[in-house]
Every structure is written in C-alpha cells, then in structure tokens.
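# no FASTA, just this:
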C-alpha cells in the first residue's frame, strides 16, 4: 500500500494537507500456484473515536477522486494487479483507511488474510501558508 508515494505500515502515520489530493496505490500479488478472482477491492475511510466506535459517515470530510471500489477479474500466479485512486481531505483530523477484498465467486474461499489488510492511518493537517518577505 502506498499513500502519497510512501509505503504504509499499520504503525506509520502518513501526514497530508487538507485540500491536496492524496494518491493511493494498492498492489495485490498472487503468490499461490493458481489464479485467483473474481473479487472486489474496497477502500473505506473512517474515524476512530478511541472508544470502540468507528465513524464511517465522512462524506462531508473526505471524498474519493475516482472510485473507492475496484473490480478484479483474475490475478494469475506470481503476477501483480495494481489499483490507483486518490483521497481529498476537506477537514483536518486523524483518519483511517480500511481496505477489504470481497470475494465475488461463491465456489471457492480465499484465505482470511486476503479479506482485510491492516488499516492505514492518515493525518490531515492545515495547508502551509506561503511565507511573505
């Protein structure tokens, strides 16, 4: 997972500015011996209130540039599938991005580790004002 060109880890907070599109890239690599798919990749932003409540109603604070869902037909063994998108933060705050894979094929099951990736933590800050001389 890349956010604004930086590799994300669940322990890293990515900082961006309000009003600037933040590029997202999710790369899926099939390490199995068989083709996988079809399934969908969905990215859901939320705020964590630190009391067990997650707020997913963020349409006034965050918008996607493009779609937040990508449909994947098949990924062949040892091949990659890369998906691009962007987020636009309208307000400051700490946000998280929940990334899930939803299987579209009922005849087979994907391992649980494929269904949900660790959340990405993004902190939206005020834009830096230009300095005047």
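Arrived safely. In this text the structure is predicted, and so the values were computed from the model without any measurement. Numbering: from 1, shown residues only.
# What number of residues are in the vicinity of the nearest residue in space to residue 128 that is not next to it in sequence?
In this structure, residue 128 finds its nearest non-sequential neighbour in residue 17, 7.0 Å apart by C-beta to C-beta, 6 or more residues apart in numbering. From N, CA and C alone the C-beta is placed, and that goes for glycine too. A total of 14 residues lie near residue 17 under the criterion other C-beta atoms under 10 Å.
# same deal with residue 122?
Around residue 122 sit 23 other residues, with neighbours defined as other C-beta under 10 Å.
# In the strand or helix carrying it, which residues are buried?
Taking DSSP states H and E as the criterion, the element that holds residue 122 is strand 120-125. Under the neighbour-count criterion of 16 or more other C-beta atoms under 10 Å, strand 120-125 has 120, 121, 122, 124 buried.
# try stretch 11-29
Buried positions in stretch 11-29, judged by neighbour count with 16+ other C-beta under 10 Å: 14, 16, 21, 22, 24, 25, 26, 28.
# Repeat that for stretch 46-62.
When burial is assessed from 16+ other C-beta under 10 Å, stretch 46-62 yields the following buried residues: 46, 47, 58, 61, 62.
# now, which of those sits nearest residue 74?
Taking C-beta to C-beta as the measure, residue 74 sits nearest to residue 46 out of these, at 29.9 Å.
# Can you say which helix or strand has that closest one in it?
Here residue 46, judged by DSSP H and E, is contained in strand 39-48.
# pLDDT averaged over the helix or strand that comes right after that strand, what's the number?
Helices and strands here follow DSSP H and E; after strand 39-48, the next one along the chain is strand 54-55. Taken as a whole, strand 54-55 has an average pLDDT of 88.
# buried residues in the helix or strand just after strand 54-55?
Elements were assigned by DSSP H and E; along the chain past strand 54-55, the next helix or strand is strand 62-65. Neighbour-count burial for strand 62-65, with 16+ other C-beta under 10 Å as criterion, is recorded at residue 62.
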